[in-house]
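> What follows is a predicted structure for the sequence shown.
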Amino acid sequence: MNWIYRGRCWKFGDNLGIDGDIMPLRFALEREMNAEVLAPFLMDGIEPGFAAKVKPGDIIVGGKRFGQGNPHIQGFLGIQGNGLGLVAVSIPRGSLRNAVNAGLPFLVGCEGVGDLCETGDELDVNFETGLFRNITRGTEHQYDPIAPELRAIVALGGWKESFHKRLAETAS
């Protein structure tokens, strides 16, 4: 897995809801789990057409409580389906689990990250080490990466792949 993302910053504020802001609620109700189906609808609730603007390697920078509300996985699958990374000040516990389950590279607990960048800045983020670099501004900041146990699940591609690996290991 490539843990280093280099791309455009897409900065959002605090309190983005997983349902409605990040991903339309209908996908949770329909139990849609295909990242390719979800990807085109990412952030439609706050920035229609967002998915058509992003490129793999771009990074979403979120504020406090990114993905608040009912802990549905669809929004994180949409982020992963677009090939994006996520850096946030905070993510509610249920949504944090879903970010891991979706196989999404992310950093959380990134106090002050909103002051380090603006939408359009070129960023270079190492999700394995926590190094956050703003190429446009020529600055860098070190954050703590997620725990190695969680990174291992993300590296496999999420919960499903992790489950299949564990199942295969117990069958041996």
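Thanks, I have it.

> Which positions in the lengthiest helix in the chain come out as buried?
Of all the segments of type helix in the chain, defined by DSSP state H, the longest one is helix 159-171. Using 16 or more other C-beta atoms under 10 Å as the burial criterion, the residues of helix 159-171 that qualify are 159, 162. Glycine gets a C-beta too; all of them are placed from N, C-alpha and C.

> That one - contacts with which helices or strands?
Applying 3 or more C-beta pairs under 8 Å, 6 or more residues apart in numbering; DSSP states H and E, one finds that helix 159-171 makes contact with helix 148-156.

> switch the cut-off to 10 Å
In terms of contacts (3 or more C-beta pairs under 10 Å, 6 or more residues apart in numbering; DSSP states H and E), helix 159-171 is packed against helix 93-101, helix 148-156.

> so for that helix, what's the average pLDDT?
Across helix 159-171, the average pLDDT comes to 82.

> How about stretch 141-156?
Across stretch 141-156, the per-residue pLDDT values average to 96.

> which element follows the longest strand along the chain toward the C-terminus?
Identified as the longest strand of the chain according to DSSP state E is strand 4-11. Downstream of strand 4-11, the next assigned helix or strand under DSSP states H and E is helix 25-29.

> after that next one, next one along is what?
Heading C-terminal from helix 25-29, the first helix or strand you meet, by DSSP H and E, is helix 35-38.

> immediately after that next one, which helix or strand?
Scanning forward in sequence from helix 35-38, with DSSP H and E defining helices and strands, the next element found is helix 50-53.

> What helices and strands are in contact with the helix or strand just after that following helix?
The first helix or strand that comes after helix 50-53 along the chain, using DSSP H and E, is strand 59-62. Using 3+ C-beta pairs under 10 Å, 6+ apart as the contact criterion, the neighbours of strand 59-62 among helices and strands are strand 4-11, strand 85-88, strand 106-108, strand 122-126.

> Now do the last one: everything it contacts.
Strand 122-126 is touched from outside by 3-10, 57-59, 61, 85-87, 105-107, 110, 116-117, 131-137, 140, 142-143, 145, with contacts defined as C-beta atoms under 10 Å, 6 or more residues apart in numbering.

> now do the shortest one
By C-beta under 10 Å, 6+ apart, the residues outside strand 106-108 that reach it are 59-62, 66, 76, 79-80, 84-91, 95-96, 99-100, 113, 125-127, 129-132, 143-146, 150, 154.

> Now list the buried members of these.
The neighbour-count criterion (16+ other C-beta under 10 Å) marks 59-62, 66, 76, 79-80, 84-91, 95-96, 99-100, 113, 125-127, 130-132, 143, 145-146, 154 among the contacts of strand 106-108 as buried.
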